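J.: got a sequence here, can you build the structure:
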Amino acid sequence: MASITARMTAVLVLWLVACLTGTWAVDRGNFKTCDQSSFCKRQRALKPGESPYRALLETMELTNTRLTLQLINDNNKVRLLLELYRLQGNITRVKINELKPLKPRYEVPDVLVREPPTEPLSLLSQDENGVVLSLGAEAQRVIVSARPFRLDIVEGRDVLMSLNSRGLLAFEHLRMRKDTFSYKVTSTVASVWDNIKRLFSSQTEQDGETEGDPANQAETNKDEDEKEDGMWEETFKSHTDSKPNGPSAISLDFSLPGVEHVYGIPEHADTLRLKTTDNGDPYRLYNLDVFQYELYNPMALYGAVPVMLAHSAQRTTGIFWLNAAETWVDISSNTAGKTVFGKMLDYVQGSSETPQTDVRWISESGIIDVFLMLGPTAKDVFAQYASLTGTQSFPPLTAVGYHQCRWNYNDQEDVKAVDAGFDEHDIPYDFIWLDIEHTDGKRYFTWDPHKFASPKEMLQGIMDKKRKMVAIVDPHIKVDNNYKIHNEIRSRGYYIKNKDGGDYEGWCWPGSAGYPDFTREDMRAWWASMFAYDQYEGTMENLYTWNDMNEPSVFNGPEVTMHKDAMHGAWEHRDLHNIYGFYVQMATAEGLVQRSGGVERPFVLTRAFFAGSQRYGAVWTGDNAAEWDHLKISIPMCLSLGLVGISFCGADVGGFFKSPSAELLVRWYQTGAYQPFFRAHAHLDTPRREPWLFGPENTALIREAVRQRYTLLPYWYQQFYHAHRTGEPIMRPLWVEYPQDPATFALDDEFLIGRDLLVHPVTEEGSRGVTAYLPGKDEVWFDVHTFQKHNGAQNLYIPVTMSSIPVFQRGGSIIPRKLRVRRSSSCMEHDPYTLFVALNPQRTAEGELYEDDGHTFNYEKKEFLHRRLSFVNNALSSVNLAPDATFTTQSWIERIVLLGARKPSRVSMKTADGPENQLEFDYDSSTSVLTLRKPGMNAGADWTVNFE
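T.: Numbering: from 1, shown residues only. This is a model prediction of the structure:
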């Protein structure tokens, strides 16, 4: 019988794999539209301007730290509790929950790094129509209007943001189902009680005194349950969602006066600037395993970060909707659809209509908990969001290098051959990856006993070359009584439960699988302990981890994911679906830290993510395809993630599905080399595509792209340190640095790395030229390859060949590079620096140089060097930015290259404790480039170079 079951399991898995891989195109019918999601359809049917909610001003309580106020729905007399907090850093928090819910509603834990510190609120005025509170700085005020309830945040005479201005606040209160025995008893009791009250009361309280009683909550909504199917049970395809708690959706609208551009709410395969949704589906946030996703639509993908940024030339603000349930976001604008001519006509005719964007958030359950980040600059918003959810984890330097991956490298000999191929073709790399086939029958934390019989020997061979490996560990656990991991989780009761109380099982790569409940702290602690070297056999310190399929993916589940009525203790899966992958990566990262005794920084890649996932590692854009449009979309997808804190982003170079042409593969390497996470990956059924398999010319082009990445590693690493400290994105849209230039607001085919490098990849097939916008009216930009200078605030046409990667350095910047490229980043640790000094029209420049040991947490103990490099008054100097930090480096400055320079008569250098030395130099008058060779000072020293 067991053998028959095993054969049936194998057949079903093969059938599922065939279904998932046979057509190489997403089946949209597997995924819901808003009309097929009953709560979205219900909420979207509400009409603006008909809000039933009223603020009961007599219930207002104001302490030093918060305001509380009851709201009442005049249609059903159900009361809500509004809480308002002024937080440090120009953030306002608004929470709305039922005043007396039948049972607790889910509030998202663990995402906030701490309970946000508050600042005092003060009452400015109050009358029967509302209250006005002071938010302190910049004459900011909160105006709470009573009928209908509305909340406006005002600065001076400007309205920054309005809540419920369109009257679309909705809060489906928990209630008893009418056809239950409990409902019939309580409603009968309530009816008797109402009659008794009428005998002793001259008038019924207008606001419904019995609100909060379960019977009353059911009685006051006699007609609601009949309005529409799907409130207590919902079917999609062959799957039925039992909805034991009934309808529980929440919704709130936000108006953003003066705003035409909004960004964020990843993950979607769409443009950087979010589109209006009036004529289609809202943007959906619901972590799903979407096979070869379509482009330029609002379908949900693998991750969900419920954060939106709004930008105008005057201000940047943000909205953080802290809810982990399925969420839809509607966007409308009063300028949507207007042509440039139409906008000009409005201007000529003196149209007084202020641009405005309206946003509406709809979630299936939980509470309204929203953080209004009031800027006023983009970098202020990044800092505000980072203060709430943390910053990008600081990865080991090696993780910033190049990663070689495939589903799957066949065995240890295959790994050895690929590793040797990189050396043979002189292409650097840092990590080689193993997908699911390296395990013993898809049992994670194991190795195939035949193909990977000696994993430590394999890992040691890689370590000898100062390289590393990543192996996949997915969160679906094969149901097998001979599998230690399964037995441990089952015996400890750590599996998610189905609605009937048994262990939830679904189908995934191993066949029948259980799903650990990562929302449990004890489960996460146990999972972390499994990465110890004595538990995860065959592992060494140079093995890191990849969490895939953690949406979670359930092949035979609704929408290829988990049933919403599965249980995590007291909570339904619907309440917390979008946070599951966050917890998987959290537990895995903690395991990698613990195995080293807290010394080594982890590296964990995740496919599913949520707000706060930036604290635990990297993400990638999932199962893309070897198509030009997928190459193009990788740019706005990673830009969107960077805006909401997740800087460590990349796309599968070459495309996961299908087979790229040589031209597409080369262009993808050239693009990926300038994105934060740089990994090539490919599907099991595609031909091999290691970089040397497309002929010597293309090998040379790919080699050059990868080498450009490695020369820039000091700058990349510095950007990761900066992101870790500030929350600012590494790969960023131009508008972040040029917030008053409307020409940058919708650009998403080029980007900045930090402040100082502008990249416009070639993403069109057969391209002979690209047009890059160089921002900055009074700025200059230098082509990093030719050193040619170009003025800012212009569209520059750039002829390109197959070797071209248009990259420009901003005048006024100093960028360190290491030009001695070796087989891996670790091999370059002590190599010397070359400083590229690009002068601005004022003949000044500044930059930084950061260095630490590259792999431990010792930087937190002030073991690093951080130098400020500046060129001013014809002198280039290096001074210590962190005098309380200590770090000794063997690297030195072997070359200084000045772009836009004049020819000096004499150049001299002086260190803090040495004599003045004259330096030799070369000057190219055709490019205005001055080169100093071997000035020779240590990278950690104070020094000054004078140009006379």
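J.: please save the CA atoms from stretch 84-100 in PDB.
T.: Output of stretch 84-100 as PDB, limited to C-alpha atoms (Å, rounded to 0.1, in the frame of the first residue of the first chain):
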ATOM      1  CA  LEU A  84      -4.500  59.300  17.200                       C
ATOM      2  CA  TYR A  85      -0.800  59.700  18.100                       C
ATOM      3  CA  ARG A  86       1.800  62.300  17.200                       C
ATOM      4  CA  LEU A  87       5.000  60.300  16.800                       C
ATOM      5  CA  GLN A  88       8.600  61.500  16.900                       C
ATOM      6  CA  GLY A  89      10.000  62.500  13.500                       C
ATOM      7  CA  ASN A  90       6.900  64.100  12.000                       C
ATOM      8  CA  ILE A  91       4.700  61.000  11.800                       C
ATOM      9  CA  THR A  92       1.000  60.800  12.800                       C
ATOM     10  CA  ARG A  93      -0.500  57.400  13.700                       C
ATOM     11  CA  VAL A  94      -4.200  56.700  13.300                       C
ATOM     12  CA  LYS A  95      -5.800  53.500  14.700                       C
ATOM     13  CA  ILE A  96      -9.400  52.500  14.300                       C
ATOM     14  CA  ASN A  97     -10.900  49.400  15.900                       C
ATOM     15  CA  GLU A  98     -14.300  48.300  17.100                       C
ATOM     16  CA  LEU A  99     -15.000  49.700  20.500                       C
ATOM     17  CA  LYS A 100     -16.300  46.400  21.800                       C
END
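J.: quick one: buried residues of it?
T.: 84-87, 89-100 (16 or more other Cβ atoms under 10 Å). Where C-beta positions appear, they are placed from N, C-alpha and C, glycine not excepted.
J.: likewise for stretch 597-604?
T.: In stretch 597-604, the ones that count as buried by 16+ other Cβ under 10 Å are 600, 601, 602, 603, 604.
J.: stretch 25-32 too?
T.: Burial within stretch 25-32, assessed by neighbour count using 16+ other Cβ under 10 Å, is assigned to 26, 30, 31, 32.
J.: for stretch 119-132, same thing?
T.: Neighbour counts over stretch 119-132 (16+ other Cβ under 10 Å) mark 119, 121, 130, 131, 132 as buried.
J.: what's the closest of the residues you listed to residue 656?
T.: residue 119 (47.4 Å; Cβ to Cβ).
J.: of the buried residues of stretch 119-132, which pair is most distant in space?
T.: 119 and 130 (21.8 Å).
J.: helix/strand/coil for residue 642?
T.: helix (DSSP: H, G, I helix; E, B strand; the rest coil).
J.: my guess is it meets residue 731, correct?
T.: Yes: applying Cβ atoms under 8 Å, one finds residue 642 in contact with residue 731, separated by 5.2 Å.
J.: who touches both of the two?
T.: Jointly contacting residue 642 and residue 731 under the rule Cβ atoms under 8 Å, 6 or more residues apart in numbering are 649, 676.
J.: those helices in the stretch 301-450 of the chain, which residues are they?
T.: 340-348, 378-389, 412-424 (DSSP state H, counting those that start in this stretch).
J.: which one of those lies nearest to residue 588?
T.: helix 378-389 (18.5 Å).
J.: elements contacting that closest one?
T.: Here helix 378-389 touches strand 91-98, strand 307-311, strand 316-321, strand 368-373, helix 713-726, helix 734-737, going by 3 or more Cβ pairs under 8 Å, 6 or more residues apart in numbering; DSSP states H and E.
J.: try 6 Å
T.: The helices and strands touching helix 378-389, judged by 3 or more Cβ pairs under 6 Å, 6 or more residues apart in numbering; DSSP states H and E, are strand 316-321.
J.: between the strand it packs on and strand 91-98, how many degrees?
T.: 30 degrees (axes from the mean of the first three to the mean of the last three Cα atoms, to 10 degrees).
J.: any regions of the stretch 151-300 of the chain where pLDDT drops low?
T.: Applying pLDDT under 70 to the stretch 151-300 of the chain flags the ranges 180-228.
J.: can you map out the helices along it?
T.: Using DSSP H, counting those that start in this stretch, helices in the stretch 151-300 of the chain cover 181-200, 214-219.
J.: rewinding a little: now render the buried residues of stretch 25-32 as TSV, adding distance to residue 588, secondary structure and pLDDT.
T.: Shown next, in TSV, are the buried residues of stretch 25-32 (distance: Cβ to Cβ, whole Å; DSSP: H, G, I helix; E, B strand; the rest coil; pLDDT from 0 to 100):
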residue	distance to residue 588	secondary structure	pLDDT
26	28	coil	80
30	28	helix	94
31	27	coil	97
32	30	coil	97
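J.: looking at those, which is nearest residue 817?
T.: residue 26 (41.2 Å).
J.: pretty sure the closest one is touching residue 294, no?
T.: Yes: with contact defined as Cβ atoms under 6 Å, residue 26 and residue 294 form a contacting pair (5.5 Å).
J.: picking that back up, out of the buried residues of stretch 119-132, who's nearest residue 760?
T.: Ranked by distance to residue 760 (Cβ to Cβ), the buried residues of stretch 119-132 are led by residue 119 at 42.8 Å.
J.: SS state for the nearest residue to the closest one once chain neighbours are set aside?
T.: Excluding its sequence neighbours, the residue lying closest to residue 119 (Cβ to Cβ, 6 or more residues apart in numbering) is residue 86, at 4.9 Å. When classified by three-state DSSP, residue 86 comes out as strand.
J.: for residue 86, give me its contacts.
T.: Contacts for residue 86 (Cβ atoms under 6 Å, 6 or more residues apart in numbering) come out as 92, 119, 121, 135.
J.: any idea how far the closest residue to residue 34 other than its chain neighbours is from residue 268?
T.: Leaving aside its sequence neighbours, residue 34 sits nearest to residue 40 (Cβ to Cβ, 6+ apart; 4.1 Å). Taking Cβ to Cβ, to the nearest Å as the measure, residue 40 falls 16 Å from residue 268.
J.: ok, now which ones touch residue 239?
T.: Here residue 239 is in contact with residue 558 (criterion: Cβ under 6 Å, 6+ apart).
J.: partner residues bridging it?
T.: Residue 239 forms beta bridges with residue 236, as assigned by DSSP bridges.
J.: what distance do you get for it to residue 558?
T.: Residue 239 is 4 Å from residue 558, by Cβ to Cβ.
J.: sorry, back to before: out of the helices of the stretch 301-450 of the chain, which gets nearest to residue 229?
T.: Between residue 229 and the helices of the stretch 301-450 of the chain, the shortest gap by Cβ to Cβ is with helix 378-389, which sits at 37.4 Å.
J.: quick one, that closest one and strand 316-321 angle?
T.: 20 degrees.
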